[in-house]
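Asker: got a predicted structure here, sequence first:
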Amino acid sequence: MYTYAIVPASVEPAAGRSARREPGLKWSRFGDQVIYWTTGASGSAAVRRVNTLGAVTQSSHGLPFLVVQAGNIFRDEFPDIPVILDKGRYLAVELSDAAVARLSAGNPAEFGFAPLPHNTAVVKEVLRAEHPLRTIDPAMTMLAAQVSSKRLQESLVSLTGFGTRHSLSGGFQHAVDWAADSFQSLGYSVTCSRITVGTGASFSVIADKPGTSADPGLVLVTAHLDSINHLDGPLAPAPGADDDGSGCAGVLEIARILSTRVDDHDLRLILFGGEEEGLFGSQQYVAALSGHDRDRLTAAINMDMVGTLNSAERGVLLEGAPVSQRLIDQLAASAQDYTSLHVDVSLHPFASDHVPFIIAGLPAVLTIEGSDSANHTIHSSQDTLNTIDYTLACEIVTMNLVTAARLLGTHTSINDLVRWRQSTLSDDSD
Ligand SMILES: [Zn+2]
């Protein structure tokens, strides 16, 4: 038996602050809502305190757990499990011992679960007022203006045209060739790095642009090239437009815009294979990283599902861990300075290519469509181009582009400005 109340964060502070001192009472923040709960006996001080906070529910069906899901997969797969609070990718649910056993047998690539973390924020909103108004850097404004929804669309048309990008399919091999050619034509040196996916073989595509510093840092921008169809099997159509064509198109757009610049530090763009089967590409990449690269890795900015708008407001979720807090702050600042995105932050990383980096103690962040990502189409033939909101994708790409450029120590010369102006004059895109 436990007792809980869900309180809007806007009315919570005063009552919440004193309630949080009550022994036996736990709280967990989900953006604009806070759950208070206690497993104390009825009539206890903690239960009385929860009663003062809001509409109270008592439950004897289990205990509160946190679920982190890809898209809306958990809710679709377990419609009978009671959801206490729905924050899109993050759910507070109620689990009995029997339900815990059932979930333990589920697919760990689709959702993760753990007892609800207490006295912490699962998701924290970054309010605009939290960041002091910065002097907008004209060089960054210039970069941001080059992000083109038309080019994102062109890349997505190619990416979704391979039938499936299942890591072990012929379609994936075509996608690898296409991505390698795309990077090469922009002047990057490209490696198709062989990986294993279970007992099969696949690839990650790695594109490098060296910096000019004698002792350069390393900035990574990543996405996963593979797609999957869980409903109809490995050969079935898996256009993977949002998951993760959108991230790949974003990496290629950042590659294009940064390609002609002279930066201090090294830029490395990676399109991983084997993500959908369990993060094979990123795990093997991190395991093989040299000590030197680990030491100089400043940031790994990962883009996964940045194209589908599921809420009224365009937003981005920055998901990392304490090791990536500085990168999260940097991304949030870029979002606030150069986009209109609403920003949510979570330090509960799950199921994308940022996770192996974080486990290795490296500063990685997943950037993903905002906190209400209720995408029902992923991992099926329905993840098609018409799910893409190009304004949203452009904004998230802009945030990542500006952040990468800031970390690369980009100097803008007068020649860059002149070249940019000339290219805008002749540019037929938006
Ligand atoms: Zn994905």
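Answerer: Right, received. Where do you want to start? Residues are numbered from 1 along each chain as shown.
Asker: which ones are touching the closest residue to the ion within the stretch 51-200 of the chain?
Answerer: Nearest to the ion in the stretch 51-200 of the chain, going by CB to the ion, is residue 70, at a distance of 6.8 Å. Every residue, glycine included, has its C-beta placed from N, CA and C. By CB atoms under 8 Å, 6 or more residues apart in numbering, the residues touching residue 70 are 89, 109, 110, 111, 243, 351, 378, 379.
Asker: mind picking the lowest-pLDDT entry from those?
Answerer: Ranked by pLDDT, these bottom out at residue 109, which has 75.
Asker: now it: closest residue in space that isn't a chain neighbour?
Answerer: Nearest non-adjacent residue to residue 109, counting by CB to CB, 6 or more residues apart in numbering: residue 278, 5.5 Å away.
Asker: helix/strand/coil for that neighbour?
Answerer: For residue 278, the secondary structure call by DSSP: H, G, I helix; E, B strand; the rest coil comes out as coil.
Asker: re the thing from before, kindly provide the distance from the residue of the stretch 51-200 of the chain closest to the ion to residue 125.
Answerer: Remark: distance between residue 70 and residue 125 (CB to CB, to the nearest Å) = 22 Å.
Asker: and for residue 166?
Answerer: From residue 166 to residue 125 the distance is 37 Å (CB to CB).
Asker: neighbour-wise, which of the two wins?
Answerer: For residue 166 versus residue 125, neighbours defined as other CB atoms under 10 Å are more numerous around residue 166 (25 against 18).
Asker: my guess is the more buried one meets residue 234, correct?
Answerer: Yes - Residue 166 lies in contact with residue 234 (CB atoms under 8 Å); the separation is 4.9 Å.
Asker: between the two, which contacts overlap?
Answerer: Joint contacts of residue 166 and residue 234 (CB under 8 Å, 6+ apart) are residue 228.
Asker: average pLDDT for the host helix or strand of residue 345?
Answerer: Using DSSP states H and E, residue 345 sits within strand 342-346. Strand 342-346 carries an average pLDDT of 94.
Asker: check stretch 396-413 too.
Answerer: On average, the pLDDT along stretch 396-413 is 86.
Asker: how about the residues of the stretch 301-430 of the chain by the ion?
Answerer: residue 304 (CB under 5 Å from the ion).
Asker: how about the backbone phi and psi for the residue nearest to residue 109?
Answerer: phi 130, psi 40 (degrees, to the nearest 10).
Asker: same check on residue 195?
Answerer: Dihedral angles (degrees, to the nearest 10) for residue 195: phi -130, psi 160.
Asker: helix or strand with the lowest mean pLDDT in this structure?
Answerer: Sorted by mean pLDDT, DSSP states H and E, the helices and strands of the chain end with helix 414-426, the least confident at a mean of 53.
Asker: returning to that earlier point: just the pLDDT for the residue of the stretch 51-200 of the chain closest to the ion.
Answerer: 82.
Asker: residue 184: neighbour count?
Answerer: 12.
Asker: which element is residue 155 on?
Answerer: helix 149-159.
Asker: pull out the buried positions in that helix.
Answerer: For helix 149-159, the neighbour count (16 or more other CB atoms under 10 Å) marks 149, 151, 152, 153, 155, 156, 158, 159 as buried.
Asker: what about dumping the CA coordinates of it to CSV?
Answerer: Coordinates of each C-alpha in helix 149-159 appear next as CSV, following Å, rounded to 0.1, in the frame of the first residue of the first chain:
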residue,chain,number,x,y,z
SER,A,149,14.7,22.4,-44.3
LYS,A,150,14.9,21.6,-48.0
ARG,A,151,18.3,19.9,-47.6
LEU,A,152,17.0,17.9,-44.6
GLN,A,153,14.1,16.8,-46.7
GLU,A,154,16.4,15.8,-49.6
SER,A,155,18.4,13.6,-47.2
LEU,A,156,15.3,12.1,-45.8
VAL,A,157,13.9,11.2,-49.2
SER,A,158,17.2,9.3,-49.9
LEU,A,159,17.3,7.7,-46.5
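Asker: residues in contact with that helix?
Answerer: 165, 175, 178, 182, 240-241, 245-246, 248-250, 252-253, 256, 307, 385, 388, 390-391, 393-394, 397, 429-430.
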